[in-house]
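Colleague: Coordinates only, no sequence provided:
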């Protein structure tokens, strides 16, 4: 996972000192190659302990590992500090559509970088082996969850998405260790989703989370953590981009399950055939 992707993903949760370090890492990353932790602290204007804490917040044991992460990221990709240009009320239709397109492409790229193959394959195996699957989310995340439940049902999997939070919690109370909760929450701290996941864990039920990158209540309880990105440079785009990123992850999972399950492919073809025949008849 790219160090730059990590920094962008947790930017909103950073302190003022950490934001200075994040800005420097994204805009002057080449300079970090030659700087010690103390030198970096002096250049940015923060304490050396802030540098170490920043590295640890990104998942590194210390500054040397963080520095290697920066160097590796520089070797593999160019830094792009802005996911998209901010859409304004005065933009022409073409300007608006161009910015939206670049926003979606950038968010898809960042989301792909945040999710390693090992975690995605682990999620696929958990989903395939689950007896029952409860997919929970609120707002736009609920819409993504409903789409995911439809996809999994076409593969013959018992996947339920219930938008009512009381129904979600009630169903979670019936889950057992051979069931699974797929929790979708852009923030990872939505109270209702946290409650469902907490109840599932009490029943020894497996949990897959799909949240923003970093530590949050939902991801911290999950057995498998997946991540989505929604840059907040434009509030008008935030929910659109969050859904774009979440849908990308569930589509990866759906296709991977289809590829690895012969029975699933047969059922998918059967459902598609039945729908086609119904359309011809009508």
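Modeller: Perfect, thanks for sending it. This is a predicted model, so every value here is computed, not measured.
Colleague: Tell me who's in contact with residue 187.
Modeller: For residue 187, the contacting residues are 211, 212, 216, taking Cβ atoms under 8 Å, 6 or more residues apart in numbering as the criterion. (Glycine included, C-beta is placed from N, CA and C.)
Colleague: nearest spatial neighbour of the first one, skipping sequence neighbours?
Modeller: Read it as residue 211. For residue 211, ignoring the flanking residues on the chain, the nearest one in space by Cβ to Cβ, 6 or more residues apart in numbering is residue 188 at 3.4 Å.
Colleague: The one you found: how many residues sit nearby?
Modeller: 25 (other Cβ atoms under 10 Å).
Colleague: related to what we said a few turns ago, what is the nearest of the contacts of residue 187 to residue 254?
Modeller: Closest approach between the contacts of residue 187 and residue 254, by Cβ to Cβ: residue 211, at 19.0 Å.
Colleague: Residue 224 is in contact with the closest one, correct?
Modeller: No - between residue 211 and residue 224 there is no contact, the gap being 11.7 Å when judged by Cβ atoms under 8 Å.
Colleague: Between those two, tell me which one has more neighbours.
Modeller: With neighbours defined as other Cβ under 10 Å, residue 211 and residue 224 compare such that residue 211 has more, 27 against 22.
Colleague: backbone phi and psi for that one, please?
Modeller: The phi and psi values for residue 211, taken as degrees, to the nearest 10, are phi -140, psi -180.
Colleague: again with the one 5 residues further on
Modeller: The phi and psi values for residue 216, taken as degrees, to the nearest 10, are phi -160, psi 160.
Colleague: ok, now how distant is it from residue 102?
Modeller: When distances are taken as Cβ to Cβ, to the nearest Å, residue 216 and residue 102 turn out to be 28 Å apart.
Colleague: of those two, who's got more company?
Modeller: Per other Cβ under 10 Å, whichever of residue 216 and residue 102 has more neighbours is residue 216, with 21 against 14.
Colleague: quick one: that one from residue 197, how far?
Modeller: Relative to residue 197, and taking Cβ to Cβ, residue 216 is found at 11 Å.
Colleague: which residues does residue 65 contact?
Modeller: residue 55.
Colleague: 52 is where my numbering starts, stick with that
Modeller: New numbering, starting at 52: the last item is residue 116.
Colleague: average pLDDT across whichever strand or helix holds it?
Modeller: Element membership for residue 116 (DSSP states H and E) is helix 114-127. What helix 114-127 shows for mean pLDDT is 88.
Colleague: Tell me the helix or strand right after it.
Modeller: Remark: after helix 114-127, the chain's next helix or strand is helix 144-165, criterion DSSP H and E.
Colleague: Which elements pack onto that following helix?
Modeller: helix 54-61, helix 286-311 (3 or more Cβ pairs under 8 Å, 6 or more residues apart in numbering; DSSP states H and E).
Colleague: Buried ones in that helix, by neighbour count?
Modeller: Of the residues in helix 144-165, those buried by neighbour count under the rule 16 or more other Cβ atoms under 10 Å are 150, 151, 154, 155, 157, 158, 159, 160, 161, 162, 164, 165.
Colleague: Looking at the residues you listed, spot the one nearest residue 100.
Modeller: The closest of the buried residues of helix 144-165 to residue 100 turns out to be residue 165 (Cβ to Cβ; 27.0 Å).
Colleague: For the closest residue to that closest one other than its chain neighbours, what are phi and psi?
Modeller: Using Cβ to Cβ, 6+ apart and skipping the chain neighbours, the partner closest in space to residue 165 is residue 278 (4.1 Å). Main-chain torsions, residue 278, degrees, to the nearest 10: phi -130, psi 150.
Colleague: Tell me who's in contact with residue 278.
Modeller: Taking Cβ under 8 Å, 6+ apart as the definition, contacts of residue 278 comprise 60, 162, 165, 166, 261, 262, 263, 264, 300.
Colleague: same thing but at 7 Å, please
Modeller: When contacts are counted by Cβ atoms under 7 Å, 6 or more residues apart in numbering, residue 278 touches 60, 165, 166, 262, 263, 264.
Colleague: so what pLDDT did the last one get?
Modeller: Spelled out, it's residue 264. Listed pLDDT for residue 264 reads 87.
Colleague: which stretches of the stretch 152-301 of the chain form strands?
Modeller: When secondary structure is read from DSSP state E, counting those that start in this stretch, the stretch 152-301 of the chain shows strands at 184-187, 210-212, 231-235, 257-262, 275-278.
Colleague: Might you list the low-confidence residue ranges for the stretch 152-301 of the chain?
Modeller: Counting by pLDDT under 70, the stretch 152-301 of the chain contains low-confidence ranges at 281-289.
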